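Asker: okay, here's the prediction I keep looking at, along with the sequence it came from:
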Amino acid sequence: MESAGTNTQPLGCDAPDLVTVPARQGLEAVDIIRRAAASRAVGVGPVLHDDAGATLGFLVPPGTADAWDLPGSACTQTNGRGMRLGDVLPAPGDSGWLLPPEAVGAVTDPEVLRAALGEAARLIEAADNCR
């Protein structure tokens, strides 16, 4: 594992968990994490999107689903269905990579993701209240 203070962790041999969020909130979170990466050693890991564009899925370390409780999101175990970061291929026609593993590397740290999703929710609420 990388040292504390970074938001990506190497995957190793275990299958990652998947945090799924509404696309609008997920895109904001990606931007928030990437802006933070400009000033410190942080970054976002691989991110999937569904073909309809309704949700984004962030790959996070195995075991994250055991304690994930952020309202408006879901974290599911991949249960070792043969998925390893180098092997992850979206099903044809169902989803695709917003940020593919080969472009970003390791999974996203769940605490950094949680903070970014919270900030994203607040930004979206503020923008919606201005209309």
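Answerer: It's in. In this text the structure is predicted, and so the values were computed from the model without any measurement.
Asker: residue 18 and residue 113, how far apart?
Answerer: Computed as Cβ to Cβ, to the nearest Å, the residue 18 to residue 113 distance reads 11 Å. C-betas here are computed from N, CA, C, even on glycine.
Asker: shared neighbours of the two, anything?
Answerer: 58, 60 (Cβ atoms under 8 Å, 6 or more residues apart in numbering).
Asker: show me the helices in the protein, by range?
Answerer: 23-37, 101-104, 110-129 (DSSP state H).
Asker: of all those, which one is nearest residue 78?
Answerer: Proximity to residue 78 (Cβ to Cβ) singles out helix 101-104 among these, at 13.8 Å.
Asker: with adjacent residues omitted, what lies nearest to the residue nearest in space to the middle of the chain?
Answerer: With distances taken as Cα atoms, centre = their mean, the chain has residue 58 as the residue nearest its mean C-alpha position (2.2 Å). The shortest distance from residue 58 to any non-neighbouring residue, by Cβ to Cβ, 6 or more residues apart in numbering, is to residue 19 (4.5 Å).
Asker: ok, that neighbour touching residue 78?
Answerer: No. Between residue 19 and residue 78 there is no contact, the gap being 11.6 Å when judged by Cβ atoms under 8 Å.
Asker: so which of the two has more stuff around it?
Answerer: When residue 19 and residue 78 are compared for neighbours, residue 19 comes out ahead with 27 against 17, by other Cβ atoms under 10 Å.
Asker: number of nearby residues for residue 16?
Answerer: 29.
Asker: how about it, phi and psi?
Answerer: For residue 16, the backbone dihedrals (degrees, to the nearest 10) come out as phi -70, psi 160.
Asker: flag the shaky bits of this protein, pLDDT-wise.
Answerer: Counting by pLDDT under 70, the chain has low-confidence residues at 1-13, 39-42, 80-95, 131.
Asker: please work out which of the helices of the chain is packed deepest.
Answerer: Counting by mean count of other Cβ atoms under 10 Å, helix 23-37 has the highest mean neighbour count of those, with a mean of 19.
Asker: which residues are in contact with residue 46?
Answerer: Contact partners of residue 46, counting by Cβ under 8 Å, 6+ apart, are 58, 59, 85, 88, 97, 99, 100, 101, 104, 107.
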